[in-house]
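>>> Next come a sequence and a model predicted from it.
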Amino acid sequence: MSSTVDLRTRYLGLDLKHPVVPSASPLSQTLDGIRRLEDAGASAVVMYSLFEEQLTHESLSLEHYLSYGSESYAEALSYFPEPQDYNVGPDGYLDLIREAKAAVDIPIVGSLNGSSPGGWTHYAKLIEEAGADALELNIYHVATDPLQSGEAVEQLYLDVLRDVREMVSIPVAVKLSPFFSSMGHMAQKLARSGADGLVLFNRFYQPDFDLEALEVGPHLVLSDSNELRLPLRWIAILYGRVQADFALTTGVHDHIDVLKATMAGANVAMLASELLKNGVWRITDIVEAMTAWMVEHEYSSVAQMRGSMSQQHVADPDAFERANYMRTLQSFRFDPTGSLA
C-alpha cells in the first residue's frame, strides 16, 4: 500500500483510516465477528440493528393481531417473524457494545431500527452509555395506509429523529428510503432537525407468495453493483447542498464502487452483501485495489477526490438530470432485425 496516498476520511465526527465500513448485518452479532471485521481492515463497524419491537410492548400487540388474522386468513400466517425470532434482546446488545469497545480499536456505531415515535427511543441513551461512538437510526416504515399523507410520513421520520436526538449527544445518522416525493427537501429537513449524517438508502425487502402453502414468506436477495446507481445519483445531487455527512450503502461490492461513492460525495461506503457472500477479507482486497487505482490515476487523497463528480457546480441540476435522461434513452438504437444495436 503506497504511503503517497491518504485514504483517511471523516464520518460523523469520527476519524477513519479509509472509507470502507461494514454496514449493519449478522457479521456484527458477536464479539468474534466484530474482531474479525477489524482484523480484515474495517475502519469502523455498524452494529446489527436493535428493533423497536424488541423494546416495547408493541410486539405483544403485533402477535395478537397476527394470531387474530391467521384464524381467518391462513395465508397471512407467516408474513411477519415471531417476536422471539428477532436478534438477542436489548441487554445482550448493550453488553456486546461494551465488550466490543474494550476489545477493538475502531469506532463502533450502534443501530436502532424503528418506525414510530415512542418510549423505545430512550434506548438510544443506553446505547450511548454503553460506549457507542455514534448511532445509526434506521427508520424502516412502509406507508400501507391509503389515508396517510406524504406529509404525515415525513413528519413521522422527523418525530423519531427528534425523540432520539433529545436523548443523546453522540452523532446520529438517519438511514432512510428513496421513496420521498422530494428527496432533497426531506434530506434538508432531516439535517436541519439534527441528523449529522444520512445513509442512502435502506433496502425494502419484498415478501413473496408460496402458492402451495398459501403463505406469504420472506424473500432475501443480496445486493449487486447495479443497485449502487440510485444512492450514487442522490448523493451526487445532495453533496454540498445539504449540511450532513453521507454514507452510501446498497450495491457496494468492489473498489470501483467505493471510488464512485467517494467521487459522488460520500464520506464512507458501506457494504454487507459482498462480505456475506465472499468473506470479510474482501475489505482488505477492496482497500488495496482502491489504493492502487488512486496511485495509477495520480490522486493523493480521498479528500481530493470527494465530490469531484457531484452536481455541486451544476447551475441547474434539474436541466442536468433531464439532459442525462434523454441522452440515456437516445443511446439505444433498435436494429430492424429485432435486436438492440
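Yep, that arrived. These figures come from a predicted structure and were not determined experimentally. Numbers count the residues shown, from 1 in each chain.
>>> Give me the neighbour count for Thr249.
The tally of other residues near Thr249 (other C-beta atoms under 10 Å) stands at 27. (Glycine included, C-beta is placed from N, CA and C.)
>>> residue contacts, it?
Counting by C-beta atoms under 8 Å, 6 or more residues apart in numbering, Thr249 touches Ser23, Lys175, Val199, Leu200, Phe201, Pro231, Ala269, Met270, Leu271, Ala272.
>>> The third one belongs to a helix, doesn't it?
No. The assignment for Val199 by DSSP: H, G, I helix; E, B strand; the rest coil gives strand, which leaves it out of any helix.
>>> Could you pull out the buried residues of stretch 177-189?
The neighbour-count check on stretch 177-189 (16 or more other C-beta atoms under 10 Å) flags Ser177, Phe180, Met183, Met186, Ala187, Gln188, Lys189 as buried.
>>> With pLDDT as added columns, please give the contacts of Thr249 in TSV.
Shown next, in TSV, are the contacts of Thr249 (pLDDT from 0 to 100):
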residue	pLDDT
Ser23	96
Lys175	96
Val199	98
Leu200	97
Phe201	93
Pro231	95
Ala269	98
Met270	98
Leu271	96
Ala272	94
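>>> Columns neighbour count and distance to Met263 on top of those residues, output as TSV?
Converted to TSV, the contacts of Thr249 look like this (neighbours: other C-beta atoms under 10 Å; distance: C-beta to C-beta, whole Å):
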residue	neighbour count	distance to Met263
Ser23	26	20
Lys175	25	22
Val199	27	18
Leu200	27	15
Phe201	21	18
Pro231	27	13
Ala269	30	11
Met270	28	16
Leu271	28	17
Ala272	22	22
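>>> Please list the members of these that lie in helices.
Pro231 (DSSP state H).
>>> Tell me the one among the contacts of Thr249 nearest to Leu137.
Checking the contacts of Thr249 against Leu137 by C-beta to C-beta gives Lys175 as the nearest, at 6.7 Å.
>>> Give the single residue among the buried residues of stretch 177-189 positioned nearest to Ser308.
Using C-beta to C-beta, the buried residues of stretch 177-189 come closest to Ser308 at Ala187, 20.5 Å.
>>> Next, Val21: phi, psi?
phi -130, psi 120 (degrees, to the nearest 10).
>>> er, Ala247 I mean
Torsion angles, degrees, to the nearest 10, at Ala247: phi -120, psi 130.
>>> Run a quick neighbour tally on it.
27.
>>> do the same with Ser273
Considering only other C-beta under 10 Å, Ser273 is surrounded by 20 other residues.
>>> and what of the one 3 residues further on?
Other residues near Leu276 number 16, with proximity taken as other C-beta under 10 Å.
>>> shouldn't it be in contact with His253?
No. Leu276 is not in contact with His253 according to C-beta atoms under 8 Å; the separation is 11.1 Å.
>>> which stretches of the stretch 51-200 of the chain have low pLDDT?
57-88 (pLDDT under 70).
>>> can we see that at 50?
57-59, 62, 64-86 (pLDDT under 50).
>>> Just the strands from it, written as ranges.
Counting by DSSP state E, counting those that start in this stretch, the segments of the stretch 51-200 of the chain that form strands are 108-114, 134-139, 172-176, 197-200.
>>> Please state the offset of the second one from the chain centre?
When you say that, I think you mean strand 134-139. How far strand 134-139 lies from its chain's middle: 9 Å, per C-alpha atoms, centre = their mean, to the nearest Å.
>>> now that strand and strand 172-176, what's the angle there?
30 degrees (axes from the mean of the first three to the mean of the last three C-alpha atoms, to 10 degrees).
>>> Other residues contacting stretch 34-42?
Contacts of stretch 34-42 with the rest of the structure, by C-beta under 8 Å, 6+ apart, involve 18, 20-22, 27-28, 45, 96, 100, 103-106, 108, 280-284, 287.
>>> Could I get the buried residue list for that stretch?
For stretch 34-42, by 16+ other C-beta under 10 Å, it's Ile34, Arg36, Leu37, Glu38, Ala40, Gly41, Ala42.
>>> Distance to Ile237, secondary structure and pLDDT added to those, as CSV?
Compiled in CSV, these are given as follows (distance: C-beta to C-beta, whole Å; DSSP: H, G, I helix; E, B strand; the rest coil; pLDDT from 0 to 100):
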residue, distance to Ile237, secondary structure, pLDDT
Ile34, 34, helix, 98
Arg36, 36, helix, 98
Leu37, 31, helix, 98
Glu38, 34, helix, 98
Ala40, 32, coil, 98
Gly41, 30, coil, 98
Ala42, 28, coil, 98
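>>> Determine which two of the residues you listed are furthest apart.
Pairwise distances among those were taken by C-beta to C-beta; the largest, 13.3 Å, belongs to Ile34 and Gly41.
>>> Excluding chain neighbours, what is closest to Tyr239?
In space, and not counting its chain neighbours, Tyr239 is closest to Gly265: 2.7 Å by C-beta to C-beta, 6 or more residues apart in numbering.
>>> in terms of contact, does the one you found touch Arg241 like I think?
No. Assessed by C-beta under 8 Å, Gly265 is found out of contact with Arg241, at 9.7 Å.
>>> For those two, work out which one has more neighbours and name it.
It is Gly265, of Gly265 and Arg241, that has more neighbours when counted by other C-beta under 10 Å, with 26 against 15.
>>> so who does that one touch?
So Gly265 contacts Ile235, Ala236, Leu238, Tyr239, Gly240, Phe246, Arg306, Gly307, Ser310, Gln312 (C-beta under 8 Å, 6+ apart).
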